[in-house]
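Chemist: Sequence and predicted structure below; questions after.
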Amino acid sequence: MIECRDLSLVYPDGTEGLKNVNITINEAEFIVIVGLSGAGKSTLIRSLNRLVTPTSGGLYIDGENVLVNKRISLRKLRKKVGMIFQHHNLVPRHTVMKNVLAGRLGYTGTLPSLLNLFPNEDRALAYENLKRVSIEDKLYTRADQLSGGQQQRVSIARVLTQQPKVILADEPVASLDPPTSHQVMNYLKKINKEDGITTVVNLHFIDMAMEYADRIIGMRAGEIVYDGPAGEVTESTFEDIYGRKIKDDDLRGGHDINERNKAILS
Ligand SMILES: Nc1ncnc2c1ncn2[C@@H]1O[C@H](COP(=O)(O)OP(=O)(O)OP(=O)(O)O)[C@@H](O)[C@H]1O
């Protein structure tokens, strides 16, 4: 469980990225954070993994405040919390397998991984996870030879290989076309349901947020302005969060294609 208590973050130039955020993220939830550009979605998700450091308040992971308790090293935190980025952050010239094995870094240490000395169990785990996102046939392909959607699936396999308790995804579909966006979201949702891994995703497409989230958190100007079950969200909720009418650009579309996608994945 993750708890933010009066969490605030002021960037060095004085910009308030987060203002008194109070949320509790429960085990196995699938949460989507929505809000306009600049609302603080990335700042919040990056705070949860300490990629940025909140300037006041408490951030409790399994009951321990990781902002004050130095016993919990960053490495330990990052073993528990896996991250997926918009641009997947794969090493372009490394093979798919090597990229996925990087998920074991927190367990093996840097030197064995530099020497490619991963135990066989790690390799088997990496292969299983590539199979879960249906990309095991690209095992020996260089990451930069894959499409954007394939690269994002490899980054999902990498995060799974880390065996995290929580997956954070910062705009994971922003660079993808509608069918590929749905494919990636379906994989994230399937993993959340099957493995019970808590998942927090930043999205700016409201139709996707409603389709995949169990719970939606709306942000504006660094503050939480909505927090509730996705089933209770309406167009006017989004208009309140965005402070304006909903536009076509706020929708990803592609739902007809998604029905086929879901059938393939189920
Ligand atoms: N390193 C930084 N230094 C100063 N200000 C920053 C920094 N990173 C983000 N900000 C500011 O903090 C606020 C929140 O930004 P953040 O990136 O968290 O928003 P966002 O909702 O994720 O937006 P987007 O969807 O465009 O990524 C914005 O005003 C942004 O300009």
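Modeler: Structure's in. What do you need? Here the structure is a predicted model, which means the values were calculated and not measured.
Chemist: Spell out which parts of the stretch 1-150 of the chain neighbour the ligand.
Modeler: 11, 13, 15, 17, 35, 37, 38, 39, 40, 41, 42, 43 (C-beta under 6 Å from any ligand atom). Using the backbone N, CA and C atoms, a C-beta is placed for each residue, glycine as well.
Chemist: Let's have the residues you listed in CSV, adding secondary structure and pLDDT.
Modeler: Converted to CSV, these look like this (DSSP: H, G, I helix; E, B strand; the rest coil; pLDDT from 0 to 100):
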residue, secondary structure, pLDDT
11, coil, 97
13, coil, 96
15, coil, 96
17, strand, 97
35, coil, 94
37, coil, 91
38, coil, 93
39, coil, 95
40, coil, 97
41, helix, 97
42, helix, 96
43, helix, 97
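Chemist: Kindly confirm my reading that residue 88 is in a strand.
Modeler: No - Residue 88 is assigned coil when assessed by DSSP: H, G, I helix; E, B strand; the rest coil, not a strand.
Chemist: show me what contacts it?
Modeler: Residue 88 is in contact with 151, 152, 154, 155, counting by C-beta atoms under 8 Å, 6 or more residues apart in numbering.
Chemist: Could you export these as a markdown table, including neighbour count?
Modeler: Listed next are these as a markdown table, based on neighbours: other C-beta atoms under 10 Å:
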| residue | neighbour count |
| --- | --- |
| 151 | 23 |
| 152 | 28 |
| 154 | 25 |
| 155 | 27 |
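Chemist: Go through these and name the one nearest the ligand.
Modeler: Closest to the ligand out of the contacts of residue 88 is residue 152 (17.1 Å), distances taken as C-beta to the nearest ligand atom.
Chemist: what sits against the closest one?
Modeler: Going by C-beta under 8 Å, 6+ apart, the list of residues near residue 152 reads 84, 88, 172, 173, 176, 180, 184.
Chemist: so how far is the helix or strand it falls within off the chain centroid?
Modeler: Assigned by DSSP states H and E, residue 152 belongs to helix 148-161. Taking C-alpha atoms, centre = their mean, to the nearest Å, the mean C-alpha location of helix 148-161 is offset from the chain mean by 11 Å.
Chemist: Repeat that for stretch 132-152.
Modeler: Centre-to-centre, stretch 132-152 and its host chain are 19 Å apart (C-alpha atoms, centre = their mean).
Chemist: got the contact list for the residue nearest the centre of the chain?
Modeler: Closest to where the C-alpha atoms of the chain average out (C-alpha atoms, centre = their mean) is residue 169, at 1.4 Å. Residue 169 makes contact with 45, 83, 84, 85, 188, 199, 200, 201, 202, according to C-beta under 8 Å, 6+ apart.
Chemist: among the contacts of residue 152, which are in strands?
Modeler: The strands, defined by DSSP state E, take in residue 84 from the contacts of residue 152.
Chemist: So which of the contacts of residue 152 are in helices?
Modeler: Counting by DSSP state H, the contacts of residue 152 place 180, 184 in helices.
Chemist: Can I get the contacts of residue 152 in a markdown table including pLDDT?
Modeler: Shown next, in a markdown table, are the contacts of residue 152 (pLDDT from 0 to 100):
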| residue | pLDDT |
| --- | --- |
| 84 | 95 |
| 88 | 78 |
| 172 | 95 |
| 173 | 93 |
| 176 | 91 |
| 180 | 91 |
| 184 | 93 |
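Chemist: Nearest to residue 125 among the contacts of residue 152?
Modeler: residue 84 (17.7 Å; C-beta to C-beta).
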